[in-house]
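What follows is a predicted protein model with its sequence.
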Amino acid sequence: MTGDLSIDRCDVLVVGAGPGGAVAAHTLAKRGFSVVCLEQGDWVNPQDMPGTKPEFELLTRGEWSVWPNERKGRADYPLNVTDADADPIMFNGVGGGSVFYGAHWMRLLPSDFRVRSVDGVCDDWPIGYEDLAPYYDEVDKFIGVSGLGGDPAYPEHDYPLPPHPIGPGGMQMARGMNALGWHWWPGSNAIPSAAFKNMGQCVRWGLCERGCPVGAKASFDLAYWPHATASGAKLVTGARVARITVDQRGLANGAIWVDVQGVEHRIETNAVVVAGNGIGTPRLLLMSDDHNPDGLANSSGLVGKNLMLHPVNSVLGTYEEELAAWYGPAGQLIYSLEFADTDPARGFLRGAKWALMPPLGVLHVLDHLQEHSFAEKWGVPLHELAAYTGRSMIWSGVIDDLPQESNAVVLDHSATDSSGLPGVKLNYRRDHNADRMVEFMNARMVEAHEAAGATRTLTAPLTESGHLLGTARMGSDPRTSVVDAWGRSHDVPNLFIVDGSVMVTGGSVNPTATIAAMSLRTATHVADTARDQRVPA
Amino acid sequence: MTMSAPLSREQLGSLRALASVLLPGSADSLPAGSLADLDDLLQHAAAAMGNDPSDLATATAAIPARPTRDSLSALADADPAGFDMVSLLIVGAYFMSPAVLSSLGLPTGDRRPADREQVVDELDSGILDAVFDRGCPVRTLDEVNARSAS
């Protein structure tokens, strides 16, 4: 636990120190507001990351697992997935999920904001690509994104740092994609290709998704929080918010939080910014039931609903050529948007971004045998596949699962966290659209590997992402949305949400760039309009 | 995380026998049984996994005294969780061995920052020409805005 526990008053209270919270805290502190951020987890020292240890792949299946139910850390809360087709990745700590993200730094496509208009399903966002583009640019420059401008799939934009080499594997796959006539582009990654601010140049250990041991990845504990605290933001870790409180006028006036010793504290504030992401944010709003049994900011009844989790499909290819696949970043070497937008002929709506990645280790390669029979897996087959670790590449796809109200985050009072607060139950089923998309993407990824010369392909079981989206969606109509186009609660005018929960549709790309850009946009709006805002008496 | 106790001599023996069957070696790969430091690797792996000691004791006790592929296949069917635990332990231990990693040509530990000219050379090769010829694979901003306005 770090930070000043005695702080009992601030202009803006931020809940959660992940990407959304970090950007909001920095932006508002820089504008002169007194900002306190309460984070239930703690700092992670990059030097403690497991990647430099011989046993790192085993550690990432236990103490350092990306799955909270496997990790079972103090800051984690119970996540009941018995009625869910997914067990999402989460990390509760400074930097949030970005501590373990692959730093694939992607903007939503213009059509992602307009799914109702272009595909006739779901809803349009109340903002469009043009509204967010300046904020994408600003965040890119702030954290030092590496990439190559000029991708024909996007409106023109560039990156502050040059791209990483795509390496022998990327070149081999690029030739295959070119032979098929399919789009690809050098990977854009929030991983510095040259020293940038407090981050060193990537040393290409290829461990990005397991946490970078040398701090050469723009996780938000490194890329934003040092700047936020230098600007005056106060960050208290080991501080779990139990509920947001409201006054008689319905304005948020503070929060009750619990420290690691179980001692309850109260902090008062003029405004609250919630950044718990697509599971933590609805959990907190639903727990904040002092005035309404349905929770806070929930007159629409949509808090917790429309959960989107971006299932991830992947296909490994093995090659006879030496690909030096132990070189990172991982990170994406190249990406493809060939199948990211709707083509009705494919039999499903929307699509998936593909990322070509090196394997994260031998055990990661061997995971591709997990659904094989005993005879097909153990003994010589295992040795033979392991021998291809340096000559293998993995395509993975971000499946754009469409929002459904029945996919929801609800409180689970049958299990409690270390502070005695209720856990969470996920009700989540993939629909037929997503299933057809998975089948299509798997088949096309096999084709891509074969075009690039793969001698064998192995399609992995569907896995999970850490993309937690949609559970406090934005919109213009308070009856059908939780927050407005600025992330402000329709019900509680001094309550803002700055994480993946506000996304109306999930898009087919990794969401952190969008979360950060939207947080910057919301926080800038909060600062710009502070004089006009209603605050508690 | 559960604190794990060191593996007993009996447990090490069972795990070595398991490794000999599941990781017998191949033309290019070392047999697990040939690793002189296998016991140390197993201890290291068990500590990293941090399994509940009683669960691990149960799972190792279930390994047949003289395991064969058939008997282990039956064990995997009968107790998948226990088998997964001990099989991950021996595979994790095996692939921690510097000798095994070296035989696979996998480097360990060294920092390898990129030569800044590498990406320049890659892009100068004309590899992106076909991508520009392909053009935009998705609906453009103008196309989206036109649909939104209609």
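Received, thanks. Numbering: from 1, shown residues only, chains lettered A, B, ... in the order given.

use CA for all of it now, contacts and neighbours both
Noted.

what about chain B, any weak spots by pLDDT?
For chain B, applying pLDDT under 70 flags the ranges B:1-4.

Report the central residue of it.
Centroid-nearest residue in chain B, with Cα atoms, centre = their mean: residue B:92, separated by 6.4 Å.

Looking at the stretch 351-500 of chain A, which residue is nearest chain B?
Residue nearest to chain B within the stretch 351-500 of chain A: residue A:379 (4.8 Å; Cα to the nearest Cα).

What helix or strand is the residue nearest to the centre of chain B located in?
Secondary structure from DSSP states H and E places residue B:92 in helix B:80-94.

ok, and for that helix, which residues are buried?
Under the neighbour-count criterion of 16 or more other Cα atoms under 10 Å in any protein chain shown, helix B:80-94 has B:82, B:83, B:85, B:86, B:87, B:88, B:89, B:90, B:91, B:92, B:93, B:94 buried.

now, which of those sits nearest chain A?
Nearest to chain A among these: residue B:92, at 6.4 Å, using Cα to the nearest Cα.

residues contacting the closest one?
Residue B:92 makes contact with A:55, A:57, A:58, A:363, B:45, according to Cα atoms under 8 Å, 6 or more residues apart in numbering or on different chains.

Inside helices: which ones of these?
When the contacts of residue B:92 are checked against helices (DSSP state H), the matches are A:57, A:58, A:363, B:45.

Farthest pair within those?
The most widely separated members of the ones in helices among the contacts of residue B:92, counting by Cα to Cα, are A:363 and B:45 (13.0 Å).

quick one, which of those two is more surrounded?
Between residue A:363 and residue B:45, residue B:45 has the larger neighbour count (other Cα atoms under 10 Å in any protein chain shown), namely 26 against 17.

So that one sits against residue B:91, correct?
No: counting by Cα atoms under 8 Å, residue B:45 sits too far from residue B:91 to count as a contact (9.1 Å).

Contact partners for residue 87?
Chain wasn't specified; assuming chain A. Contacts of residue A:87 by Cα under 8 Å, 6+ apart are A:67, A:81, A:464.

Please refer instead to chain B.
B:18, B:19.

Could you pull out the helices in chain B for me?
Using DSSP H, helices in chain B cover B:9-22, B:38-49, B:53-61, B:69-78, B:80-94, B:98-103, B:116-124, B:129-134, B:141-149.

and if you look at chain A?
Secondary structure of chain A (DSSP H): helices at A:19-30, A:56-59, A:68-71, A:115-119, A:129-143, A:167-180, A:220-223, A:225-230, A:277-287, A:362-366, A:374-377, A:380-386, A:432-451, A:512-528.

The longest one vs helix A:167-180, what angle?
Put simply, helix A:432-451 runs at 110 degrees to helix A:167-180, going by axes from the mean of the first three to the mean of the last three Cα atoms, to 10 degrees.

Near residue A:303, how many other residues are there?
Close neighbours of residue A:303, defined as other Cα under 10 Å, add up to 31.

One more: residue A:429?
As a measure of burial, residue A:429 has 18 neighbours, counting by other Cα under 10 Å.

do residue A:201 as well
Residue A:201 sits with 17 neighbouring residues when counted by other Cα under 10 Å.

Quickly note the distance from it to chain B.
Using Cα to the nearest Cα, to the nearest Å, residue A:201 is found at 7 Å from chain B.

Wait, that residue touches residue A:195, no?
Yes: counting by Cα under 8 Å, residue A:201 touches residue A:195, with 4.4 Å between them.

Mind listing the shared neighbours of those two?
Common neighbours of residue A:201 and residue A:195 (Cα under 8 Å, 6+ apart) do not exist.

Would you mind measuring from the closest residue to residue A:478 other than its chain neighbours to residue A:484?
What sits nearest to residue A:478 in space, not counting adjacent residues and going by Cα to Cα, 6 or more residues apart in numbering or on different chains, is residue A:490, at 5.8 Å. Separation of residue A:490 from residue A:484 (Cα to Cα, to the nearest Å) stands at 6 Å.

Identify the contacts common to these two.
In contact with both residue A:490 and residue A:484: residue A:478, using Cα under 8 Å, 6+ apart.

give the contact list for residue B:118.
residue A:165.

at 10 Å instead, please
Contact analysis of residue B:118 by Cα atoms under 10 Å, 6 or more residues apart in numbering or on different chains lists A:164, A:165, A:166, A:167, B:124.
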